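>>> pasting the structure only:
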(Lines give C-alpha, C1' and ligand atoms only; values in the text may rest on other atoms or scores of the structure.)
Protein backbone atom coordinates (compact mmCIF):
# COMPACT_ATOMS: atom_id res chain seq x y z
CA UNK A 1 0.00 0.00 0.00
CA UNK A 2 2.87 2.38 0.79
CA UNK A 3 4.41 1.79 -2.64
CA UNK A 4 1.11 2.70 -4.28
CA UNK A 5 0.89 6.01 -2.37
CA UNK A 6 4.49 6.82 -3.33
CA UNK A 7 3.70 6.23 -7.02
CA UNK A 8 0.60 8.47 -6.83
CA UNK A 9 2.55 11.25 -5.10
CA UNK A 10 5.40 11.05 -7.66
CA UNK A 11 2.91 11.11 -10.54
CA UNK A 12 1.15 14.15 -9.10
CA UNK A 13 4.43 16.04 -8.68
CA UNK A 14 5.46 15.12 -12.23
CA UNK A 15 2.09 16.36 -13.54
CA UNK A 16 2.44 19.69 -11.69
CA UNK A 17 5.96 20.14 -13.09
CA UNK A 18 4.76 19.51 -16.66
CA UNK A 19 1.84 21.91 -16.21
CA UNK A 20 4.08 24.73 -14.87
CA UNK A 21 6.55 24.25 -17.72
CA UNK A 22 3.78 24.32 -20.35
CA UNK A 23 2.22 27.47 -18.90
CA UNK A 24 5.61 29.21 -18.76
CA UNK A 25 6.43 28.39 -22.39
CA UNK A 26 3.00 29.33 -23.72
CA UNK A 27 2.75 32.63 -21.83
CA UNK A 28 6.22 33.90 -22.82
CA UNK A 29 6.21 36.66 -25.47
CA UNK A 30 7.27 35.44 -28.91
CA UNK A 31 10.88 36.06 -29.86
CA UNK A 32 11.67 38.12 -32.88
CA UNK A 33 13.92 36.50 -35.42
CA UNK A 34 17.08 38.46 -36.20
CA UNK A 35 17.07 40.29 -39.51
CA UNK A 36 18.91 38.36 -42.22
CA UNK A 37 22.30 39.69 -43.17
CA UNK A 38 22.42 41.09 -46.69
CA UNK A 39 24.76 39.04 -48.85
CA UNK A 40 25.69 41.82 -51.24
CA UNK A 41 26.58 45.30 -50.16
CA UNK A 42 26.19 48.32 -52.41
CA UNK A 43 29.48 49.83 -53.51
CA UNK A 44 30.42 52.81 -51.39
CA UNK A 45 31.27 56.06 -53.10
CA UNK A 46 34.74 57.36 -52.30
CA UNK A 47 34.72 60.02 -49.62
CA UNK A 48 35.36 63.57 -50.80
CA UNK A 49 38.80 64.90 -49.91
CA UNK A 50 38.93 66.63 -46.54
CA UNK A 51 39.18 70.40 -46.72
CA UNK A 52 42.60 71.69 -45.87
CA UNK A 53 42.82 72.86 -42.29
CA UNK A 54 45.10 75.79 -41.59
CA UNK A 55 47.95 75.06 -39.23
CA UNK A 56 47.11 75.95 -35.63
CA UNK A 57 48.72 79.06 -34.28
CA UNK A 58 51.59 78.36 -31.89
CA UNK A 59 50.43 78.62 -28.31
CA UNK A 60 52.31 81.07 -26.14
CA UNK A 61 54.31 79.53 -23.32
CA UNK A 62 52.40 79.35 -20.04
CA UNK A 63 52.82 82.38 -17.89
CA UNK A 64 54.96 81.64 -14.85
CA UNK A 65 53.23 81.67 -11.51
CA UNK A 66 54.13 84.84 -9.69
CA UNK A 67 55.66 84.21 -6.31
CA UNK A 68 53.55 85.47 -3.47
CA UNK A 69 56.49 85.55 -1.09
CA UNK A 70 58.80 87.90 -3.03
CA UNK A 71 58.91 91.28 -1.39
CA UNK A 72 57.12 90.05 1.74
CA UNK A 73 58.70 90.81 5.08
CA UNK A 74 56.28 88.81 7.27
CA UNK A 75 56.13 85.35 5.67
CA UNK A 76 54.86 82.37 7.71
CA UNK A 77 57.25 79.56 6.82
CA UNK A 78 55.64 76.15 6.38
CA UNK A 79 58.77 73.99 6.57
CA UNK A 80 61.20 74.06 9.49
CA UNK A 81 64.92 73.43 9.74
CA UNK A 82 65.53 69.68 9.77
CA UNK A 83 62.58 68.70 7.53
CA UNK A 84 63.46 66.28 4.72
CA UNK A 85 61.75 67.36 1.49
CA UNK A 86 60.90 65.71 -1.84
CA UNK A 87 59.23 66.92 -5.04
CA UNK A 88 55.48 66.37 -5.20
CA UNK A 89 55.46 65.50 -8.90
CA UNK A 90 57.79 62.50 -8.88
CA UNK A 91 58.89 62.01 -5.27
CA UNK A 92 62.55 62.78 -6.03
CA UNK A 93 64.40 63.80 -2.86
CA UNK A 94 65.33 67.48 -2.61
CA UNK A 95 67.24 67.42 0.65
CA UNK A 96 67.03 68.69 4.21
CA UNK A 97 66.06 72.25 5.17
CA UNK A 98 69.17 73.80 6.71
CA UNK A 99 67.90 77.27 7.52
CA UNK A 100 65.21 79.85 6.79
CA UNK A 101 66.09 83.30 5.51
CA UNK A 102 63.67 86.19 5.98
CA UNK A 103 65.33 88.38 3.32
CA UNK A 104 67.34 86.72 0.58
CA UNK A 105 68.54 88.42 -2.60
CA UNK A 106 67.71 86.22 -5.61
CA UNK A 107 69.52 86.13 -8.97
CA UNK A 108 66.86 88.29 -10.65
CA UNK A 109 67.49 91.09 -8.13
CA UNK A 110 64.33 90.61 -6.07
CA UNK A 111 64.35 89.90 -2.37
CA UNK A 112 62.11 87.76 -0.22
CA UNK A 113 61.92 84.84 2.18
CA UNK A 114 63.81 81.69 1.18
CA UNK A 115 64.70 78.17 2.27
CA UNK A 116 68.26 76.89 2.14
CA UNK A 117 68.16 73.15 1.39
CA UNK A 118 71.15 70.79 1.58
CA UNK A 119 70.95 67.95 -0.95
CA UNK A 120 72.34 64.43 -0.55
CA UNK A 121 75.48 65.56 -2.41
CA UNK A 122 76.02 68.13 0.39
CA UNK A 123 75.35 71.07 -1.94
CA UNK A 124 73.21 73.92 -0.60
CA UNK A 125 70.49 75.40 -2.81
CA UNK A 126 68.33 78.43 -2.05
CA UNK A 127 64.63 78.20 -2.96
CA UNK A 128 61.98 80.90 -3.04
CA UNK A 129 59.67 80.19 -0.08
CA UNK A 130 56.41 80.25 -2.03
CA UNK A 131 57.78 78.17 -4.91
CA UNK A 132 59.17 75.47 -2.62
CA UNK A 133 56.01 75.30 -0.52
CA UNK A 134 53.93 74.75 -3.68
CA UNK A 135 56.17 72.08 -5.21
CA UNK A 136 57.61 70.11 -2.27
CA UNK A 137 56.32 67.86 0.49
CA UNK A 138 57.75 66.70 3.78
CA UNK A 139 59.17 63.19 3.73
CA UNK A 140 60.49 63.16 7.28
CA UNK A 141 59.78 65.65 10.03
CA UNK A 142 62.53 66.87 12.28
CA UNK A 143 62.63 65.21 15.66
CA UNK A 144 61.04 67.33 18.35
CA UNK A 145 61.47 66.52 21.99
CA UNK A 146 58.52 67.63 24.08
CA UNK A 147 59.15 67.86 27.81
CA UNK A 148 56.69 65.92 29.97
CA UNK A 149 53.77 67.84 31.46
CA UNK A 150 54.99 67.10 35.00
CA UNK A 151 58.15 65.57 36.41
CA UNK A 152 58.06 61.76 36.56
CA UNK A 153 58.61 61.75 40.36
CA UNK A 154 55.75 64.15 41.10
CA UNK A 155 52.97 62.86 43.34
CA UNK A 156 49.43 62.71 42.05
CA UNK A 157 46.67 64.40 44.05
CA UNK A 158 43.05 63.45 43.95
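Happy to help now that I have it. Note that the structure is a prediction, hence the values are computed from the model and not measured.
>>> show me where this protein has helices.
2-27, 129-135 (DSSP state H).
>>> Which positions within the last one qualify as buried?
For helix 129-135, the buried set under the neighbour-count rule, 16 or more other C-beta atoms under 10 Å, comprises 129, 130, 131, 132, 133. (Each C-beta comes from the backbone N, C-alpha and C, glycine too.)
>>> list the helices and strands it packs on?
Secondary-structure packing of helix 129-135 (3 or more C-beta pairs under 8 Å, 6 or more residues apart in numbering; DSSP states H and E): strand 111-118.
>>> What's the mean pLDDT across the strand it packs on?
Mean per-residue pLDDT for strand 111-118: 90.
>>> Then stretch 85-100?
Taken as a whole, stretch 85-100 carries a mean pLDDT of 90.
>>> which other residues reach the longest strand belonging to the chain?
Longest strand in the chain, counting residues (DSSP state E): strand 93-105. Outside strand 93-105, the residues that touch it by C-beta atoms under 8 Å, 6 or more residues apart in numbering are 73, 75, 77, 79-87, 111-120, 124-126, 136, 139.
>>> Please indicate which of the residues you listed are buried?
75, 77, 79, 83-86, 112-117, 126, 136.
>>> Residue 2 - how many residues pack around it?
Residue 2 has 6 neighbouring residues, counting by other C-beta atoms under 10 Å.
>>> Actually, residue 138.
Counted with other C-beta under 10 Å, residue 138 comes out at 14.
>>> isn't it right up against residue 82?
No. Counting by C-beta atoms under 8 Å, residue 138 stays clear of residue 82, with 10.3 Å between them.
>>> which residues sit in contact with residue 125?
Counting by C-beta under 8 Å, 6+ apart, residue 125 has contacts 95, 116, 117, 119.
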